[in-house]
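Q: this one's sequence-less:
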């Protein structure tokens, strides 16, 4: 029997996912489901939308399927106490996020947006070549968070002849790259500090003024993990005062406030949280969401659980 699945997301850009969801379930928008929460079996959401208030009292809710790796904004322990699984979508997006991270590094150091404007605005013909820039060759890349995405970033950086070191919750003895436990020490070692840590209490404000000062006036900061891992006021000050050379950001602590605060700084490259934002990867993520729901519907744990109902 088809489940009633409430969805917080707009699936219009994912036609294959939408078609499968509608074929397998009774799919309803989350705001419409509130009127009949007692009949909802599953909720599709992400860390931005979180969990609607009505879902916490929905008696039949069996799984909260998060569309994304990060599930901050979803209380997995509370869901488990209610008898509901929480799942996420790891693995399928690691390559795309790593690609974007390396692309941001390259665009930031080679000043590609400014170089593009130099040509489009006529300065190349009127004034001559663009000035010399920094590059990736021989740079020291410190990766903060050596999970699946961090490993893929390292795998892409190594062929660019970059030196690599990392900080993580635990050392990874299977990796050849050096482990530097202290974040400040990693920043001091690095020419580029790339942050890929998840968003939780243990990482909140991890990249603070002291870390940025350790990175120094020749150092660059890249964040494709979570905006909450950075003290954004400290980052703004470091950029304005040129205490670091520049930053490239795909994530923000608060989207409206943060992106607006950074947009007028010339030494910042901004992207709109698009790390996994390709049709192929978002489709894979959506299919994994549906696979997780299907597993629970069949009486099995989801493929990628982050909790266990007690």
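A: Sure thing, it's come through. Predicted model, so just to flag it, every value in this text is computed and none were measured. Numbering: from 1, shown residues only.
Q: Looking at the protein, which helix is longest?
A: Selection of the longest helix in the chain by residue count, based on DSSP state H, yields helix 279-297.
Q: what about it, distance to the chain center?
A: For helix 279-297, the separation from the chain centroid amounts to 18 Å (computed by Cα atoms, centre = their mean, to the nearest Å).
Q: and that helix, average pLDDT?
A: Helix 279-297 comes out with an average pLDDT of 98.
Q: Just the residues contacting that helix, thanks.
A: 3, 5, 11, 13-14, 16-17, 20-21, 24-25, 41-42, 44, 62-63, 65-68, 85, 87, 89, 92-93, 95-96, 276, 301-305 (Cβ atoms under 8 Å, 6 or more residues apart in numbering). Yep, even glycine has a C-beta here, placed from its N, CA and C like the rest.
Q: From those, which land in helices?
A: Secondary structure of those is defined by DSSP H; positions in helices are 16, 17, 20, 21, 24, 95, 96.
Q: Now do the nearest residue to residue 229 once chain neighbours are set aside against residue 253, distance only.
A: Of all residues beyond its chain neighbours, the one nearest residue 229 is residue 203 (4.5 Å), with distances taken as Cβ to Cβ, 6 or more residues apart in numbering. According to Cβ to Cβ, to the nearest Å, residue 203 stands 12 Å off from residue 253.
Q: neighbour-wise, which of those two wins?
A: residue 203 (21 against 18; other Cβ atoms under 10 Å).
Q: Now do the more buried one against residue 196, distance only.
A: On the measure of Cβ to Cβ, residue 203 and residue 196 end up 10 Å apart.
Q: tell me, what's touching those two both at once?
A: Taking Cβ under 8 Å, 6+ apart as the contact criterion, the residues that touch both residue 203 and residue 196 are residue 225.
Q: Was I right to think residue 200 contacts residue 72?
A: Yes. The criterion here is Cβ atoms under 8 Å, and residue 200 meets it with residue 72 at 6.1 Å.
Q: Next, show the common contact partners of those two.
A: Taking Cβ under 8 Å, 6+ apart as the contact rule, residue 200 and residue 72 have no neighbour in common.
Q: Between these two, which has more neighbouring residues?
A: When neighbours are counted by other Cβ under 10 Å, residue 72 comes out ahead of the other of residue 200 and residue 72, with 19 against 13.
Q: Need the three-state assignment for that one.
A: Following DSSP: H, G, I helix; E, B strand; the rest coil, the label given to residue 72 is coil.
Q: nearest residue to it other than its sequence neighbours?
A: Closest residue to residue 72 in three dimensions, ignoring its sequence neighbours and counting by Cβ to Cβ, 6+ apart: residue 199, at 4.1 Å.
Q: for residue 263, same thing?
A: Using Cβ to Cβ, 6+ apart and skipping residues adjacent in sequence, the residue nearest residue 263 is residue 270, 6.6 Å away.
Q: what does residue 51 give?
A: Using Cβ to Cβ, 6+ apart, the nearest residue to residue 51 is residue 74, at 5.7 Å.
Q: Same question for residue 226.
A: Spatial nearest neighbour of residue 226, chain neighbours left out: residue 199 (3.3 Å); criterion: Cβ to Cβ, 6+ apart.
Q: confidence score at the residue nearest to residue 304 when sequence neighbours are not counted?
A: If the residues on either side of it in the chain are set aside, residue 304 comes closest to residue 87, at 5.2 Å by Cβ to Cβ, 6+ apart. Per-residue pLDDT puts residue 87 at 99.
Q: next one: residue 24
A: Residue-level pLDDT assigned to residue 24 equals 98.
Q: so how many other residues sit close to it?
A: Applying other Cβ under 10 Å, we find 15 residues neighbouring residue 24.
Q: and what of residue 48?
A: Residue 48: 14 surrounding residues under other Cβ under 10 Å.
Q: Start the count at 59 instead of 1 going forward.
A: In the new count, where the first residue is 59, that last one comes out as residue 106.
Q: thought it was touching residue 131?
A: Yes. Proximity of residue 106 to residue 131 meets the contact threshold set by Cβ under 8 Å, at 6.9 Å.
Q: any shared contact partners between those two?
A: Shared contacts of residue 106 and residue 131, defined by Cβ under 8 Å, 6+ apart, are not found at any residue.
Q: before we move on, back to that, and for residue 261 and residue 311, which residues touch both?
A: In terms of Cβ under 8 Å, 6+ apart, residue 261 and residue 311 are both contacted by the residues residue 286.
Q: Which stretches in the protein count as helices?
A: Going by DSSP H, the chain shows helices at 73-82, 88-91, 134-140, 152-168, 170-178, 181-185, 206-215, 241-247, 267-273, 290-298, 313-320, 337-355.
Q: re the thing from before, pretty sure the residue nearest to residue 284 sits against residue 287.
A: Yes. With contacts counted by Cβ under 8 Å, residue 257 reaches residue 287, the gap being 6.5 Å.
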